[in-house]
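In: Next input, structure requested:
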Amino acid sequence: MFQQHHRCRRDSPASEPRPEEYPRWYSPDTGICRSRHPRVDLPDDPFVDVATYFLTRVHEGKVALVDEGSGESLSYAELHAGIRCLASRLHGMGLSKGDIVLFLLPNSVYYPVVLFGCMYLGAVVTTMNPTSSVAEIKKRVGECGARIAFCSSDRSSDLTSLGISTLAVPSSPVEVDRDGFGGMIFGDAGTLPRPRICQDDMAAIVYSSGTTGTTKGVVLTHRNLIAMIELFARFEASQYEYPAKENVYLAALPMFHIYGLALFTTGLLSMGTTVVVMQRFEPNRAIKAIDRYKVTHFPVVPPILLALTRAKAKGSQGSSLKSLKQVSSGAAPINNSCVKEFVKNFPHVDFIQGYGMTESAAVATRGFNTGSIRWYDSVGLLAPNMEAKVVNWRTQSFLPPGKNGELLLRGPAIMKGYFNNVEATRTAIDEDGWLHTGDIVHFNRDGYLFIVDRLKEIIKYKGFQIAPADLEAVLISHPEIEDVAVTGIQDNECGEIPVAFVVRKSGSLLCEAAIINYLSNQVAPYKKVRKVMFTGSIPRSAAGKILRRELKVHAVSRL
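Out: Numbering: from 1, shown residues only. Below is the predicted model of the structure:
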């Protein structure tokens, strides 16, 4: 099966076809590629907010969320009631439309409750990795002006020291105190006055490294998130002939990341699916959870896929994993040998990849296997209502299927722009509404998208995005560092690892360990550089831009 797939890929057109040979989903006149899936009708009422839209989807008698560790659960009725009750309590505390709320939370069954509870009032949510350093939190608060924060109890003191009001969210239902957080989600919501919320109002600011440069706040509107819910729901439901309500998903991906946010707190719950929530991924616990809860679907990032494959190859400690129907990988490129090994060990499981960006609210493409087509190394077909172009990244002229170029995306899920950054927005989204992704791709004749390379500089470590410029800004502040550049190099287990090239000041004896420790004390654990290489100078273009491709080649030659 895997070999057949690769044979098909080599047959992709090498030269531009004649006009009559173009597939129906591609226009040779405009260069626009359209989804092969039917269009989806989205609400045209300008005064619809995403929380109200979500709450109109009633799934009576169904379990919505299950805590993997305790087995405690929330039904859909409890989820909806909890959202309304929390919104009422937050309104009583003075939270109102436009206020920005920081989320510094690990995965929990309460994440969707808090998310929609805030959005129900028109508040704007911004999410962060719960392991973020105090310096990183301070920077975020300064940038977006967060008024209050939801966090785990162990981070309350860090936030209080920054002058932010905090609300602690228990990590498990067994820790809920009816006099504390429990009192905010259980009870009568009463009559809650609603603000007038427009679809084009801000709903979330999710930070991303974007197509280049430092981390930026991606502004997602209520319209974007409604599109994310609706398009994802239809896209996902098209995978199988049976109802989506019969599926059980394992949520090991972080909910603060756009991948987990789109899947586990919005899209899947709009469909009536049951989501089993893991606070963090551990291979043996995940395998046990799949068997215990009869998990049918497991969205992963490449390192989790690799860990799952290795566990299965070792026998999985007696686990059968028979309930598992599909594993989907996203957020970072994956090595083809890892895919081949997974397919070999899980012949009964449908494997697909997907592609999306924070800037596209995670909506772009998703794998779609049929009896005769199984493009395992493709990221799939365009989502409904989404359009794409492949252009020459130098001339911006559009290219036909089979030709490699930069991917441009357009559709209802594309961000409003970068928060308080007009210039970065103008660079990312052109006047015709096309998002320039920075990824080098091509479509084959079946409409499947293949990621070839990327122009953008971000590092994908275990699915997390790391902006080199962010790490460079910290490292250059070290008194013994003259110059520095950070780039990513490929790693079989992590996807990529950050490597720092450092020019020491004259006479300095600064060592690798000292540099790694200096950075690790100021950034989240996943952002740490894994290796330091000392050099006499940093290669730069005439305009002063770091030549990271040269650094990558140099790094590989020295490892």
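
In: Quick one: residues contacting Ile481.
Out: Listed by CB atoms under 8 Å, 6 or more residues apart in numbering, the contact partners of Ile481 are 475, 502-505, 510, 515. Yep, even glycine has a C-beta here, placed from its N, CA and C like the rest.

In: JSON lines for these, including secondary structure, distance to Asp453 and pLDDT?
Out: Output for the contacts of Ile481, formatted as JSON lines (DSSP: H, G, I helix; E, B strand; the rest coil; distance: CB to CB, whole Å; pLDDT from 0 to 100):
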{"residue": "Leu475", "secondary structure": "helix", "distance to Asp453": "26", "pLDDT": "94"}
{"residue": "Val502", "secondary structure": "strand", "distance to Asp453": "26", "pLDDT": "96"}
{"residue": "Val503", "secondary structure": "strand", "distance to Asp453": "28", "pLDDT": "94"}
{"residue": "Arg504", "secondary structure": "strand", "distance to Asp453": "32", "pLDDT": "95"}
{"residue": "Lys505", "secondary structure": "coil", "distance to Asp453": "35", "pLDDT": "93"}
{"residue": "Leu510", "secondary structure": "coil", "distance to Asp453": "34", "pLDDT": "95"}
{"residue": "Ile515", "secondary structure": "helix", "distance to Asp453": "29", "pLDDT": "97"}
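
In: These into TSV, with extra columns for distance to Thr191 and neighbour count?
Out: Listed next are the contacts of Ile481 as TSV, based on distance: CB to CB, whole Å; neighbours: other CB atoms under 10 Å:
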residue	distance to Thr191	neighbour count
Leu475	54	21
Val502	61	24
Val503	64	15
Arg504	65	19
Lys505	65	12
Leu510	63	17
Ile515	58	21
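
In: Next, give phi and psi for Ala233.
Out: phi -60, psi -50 (degrees, to the nearest 10).

In: Can you tell me how far it is from Asn247?
Out: 12 Å (CB to CB, to the nearest Å).

In: same check, this time on Ala262
Out: Applying CB to CB, the value for Ala262 to Asn247 is 16 Å.

In: These two: which is more packed in?
Out: Ala262 (28 against 22; other CB atoms under 10 Å).

In: who touches Leu86 in this structure?
Out: 113-114, 117, 184-185.

In: Rounded mean pLDDT for stretch 435-451, please.
Out: The predicted model assigns stretch 435-451 a mean pLDDT of 94.

In: so how far is that stretch from its chain's centroid?
Out: Centre-to-centre, stretch 435-451 and its host chain are 18 Å apart (CA atoms, centre = their mean, to the nearest Å).

In: Over to stretch 372-385?
Out: On CA atoms, centre = their mean, the centre of stretch 372-385 falls 18 Å from the chain's centre.

In: Please apply the same query to stretch 139-149.
Out: Counting by CA atoms, centre = their mean, stretch 139-149 comes out at 21 Å from the chain centroid.

In: Am I right that Lys325 is in contact with His297?
Out: Yes. Judged on CB atoms under 8 Å, Lys325 makes contact with His297 at a distance of 6.4 Å.

In: overlap in contacts of those two?
Out: Asn247.

In: neighbour count winner among these two?
Out: His297 (24 against 17).

In: Quick check, that one in contact with Val349.
Out: No. Assessed by CB under 8 Å, His297 is found out of contact with Val349, at 9.8 Å.

In: Quickly list what's touching both of those two.
Out: 324-327.

In: I'd like the residues you listed written out as TSV, with distance to Ser372 added.
Out: Formatted as TSV, the shared contacts of His297 and Val349 follow (distance: CB to CB, whole Å):
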residue	distance to Ser372
Leu324	23
Lys325	19
Gln326	18
Val327	21
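
In: Which parts of the stretch 451-559 of the chain are strands?
Out: 459-461, 464-466, 481-491, 495-504, 531-534 (DSSP state E, counting those that start in this stretch).
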